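Visitor: here you go, sequence then predicted model.
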Amino acid sequence: MTPITDTDYLVVGAGGMGMAFADEIVTQTSASVTIVDRNHRPGGHWNDAYPFVRLHQASVCYGVNSTPLGQHRIDQVGWNKGCYELASGSEVVAYFDQVMRQRFLPSGRVKYLPMSEHLGDGRVVSRVNGDEYEIRAQKIVDAAYISVTVPS
Ligand SMILES: Cc1cc2nc3c(=O)[nH]c(=O)nc-3n(C[C@H](O)[C@H](O)[C@H](O)COP(=O)(O)OP(=O)(O)OC[C@H]3O[C@@H](n4cnc5c(N)ncnc54)[C@H](O)[C@@H]3O)c2cc1C
């Protein structure tokens with residue numbers, strides 16, 4: 001096992017919860033964050049959602065604090081006509097990808113390890129080549145705690 005990094009926060013899961021937590025840390029503090037996720041990109045269960053899934057609530061009320069989701073538009077057609085837009089699953093995934101690439105990584109304080117399984121206590125194994133790493137963190141944040149399952 002190769003120790004690769006020291007970090008203030010190790011966040012397990014790049015779904016909505018892990019992304020929102022990391023966003024607050026980047027905004028409110030000078031701390032460093034390492035995010036690991038077994039998926040190949042951020043967005044958590046939205047990567048697995050059935051293709052027609054949308055948010056149940058207005059886009060503007062969802063996502064991380066620093067970056068609005070959607071344009072605050074009123075839908076002109078369909079069953080949501082006259083109400084604030086509801087992002088599709090692919091819009092949610094694109095949004096979290098944008099937050100990662102345009103906000104977190106350029107901050108210089110966030111490391112992102114996709115395709116990486118957290119085994120516990122900061123031990124991480126790559127799903128690409130099986131290499132194991134130890135991440136030494138002040139705090140481990142379990143952002144996979146809710147264990148969302150997608151009815152598909
Ligand atoms: C179909 C559907 C529609 C929804 N619509 C809404 C809505 O409109 N509004 C709303 O507020 N909420 C909605 N929700 C609720 C939704 O679950 C939350 O909004 C939020 O996306 C959940 O994020 P999360 O980070 O808790 O979980 P997840 O999205 O499940 O993310 C957890 C992440 O942790 C990773 N992970 C887990 N264990 C490990 C491990 N050991 N090592 C590495 N990575 C790991 C997983 O790969 C995953 O990426 C909806 C849920 C579903 C299923």
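Guide: On my side now, so go ahead.
Visitor: mind listing what's buried along stretch 14-34?
Guide: By neighbour count on 16 or more other CB atoms under 10 Å, the buried set for stretch 14-34 is 14-23, 25-26, 32-34. In this view, the C-beta of every residue, glycine as well, is placed from N, C-alpha and C.
Visitor: from those, which is closest to the ligand?
Guide: Proximity of those to the ligand (CB to the nearest ligand atom) peaks at Gly15, which lies at 2.1 Å.
Visitor: OK, contacts around that closest one?
Guide: By CB atoms under 8 Å, 6 or more residues apart in numbering, Gly15 lies in contact with Asp37, Pro42, Gly43, Gly44, His45, Trp46, Ala143, Ala144, Val148.
Visitor: skip the chain neighbours and tell me the closest residue to the first one.
Guide: Read that as Asp37. Ranked by CB to CB, 6 or more residues apart in numbering and with sequence neighbours excluded, the top spatial neighbour of Asp37 is Ala14, at 4.0 Å.
Visitor: that neighbour is in what secondary structure piece?
Guide: Under the criterion of DSSP states H and E, Ala14 resides outside all helices and strands.
Visitor: count the residues that sit near the closest residue to Pro51 other than its chain neighbours.
Guide: For Pro51, the nearest residue in space outside its immediate sequence neighbours is Gly89; the separation is 6.9 Å by CB to CB, 6+ apart. Other residues within reach of Gly89 by the criterion other CB atoms under 10 Å amount to 20.
Visitor: quick one: Gly89 from Thr7, how far?
Guide: Between Gly89 and Thr7 the distance is 30 Å, computed by CB to CB, to the nearest Å.
Visitor: what do you get for Gly130?
Guide: Distance of Gly130 to Thr7, computed by CB to CB: 22 Å.
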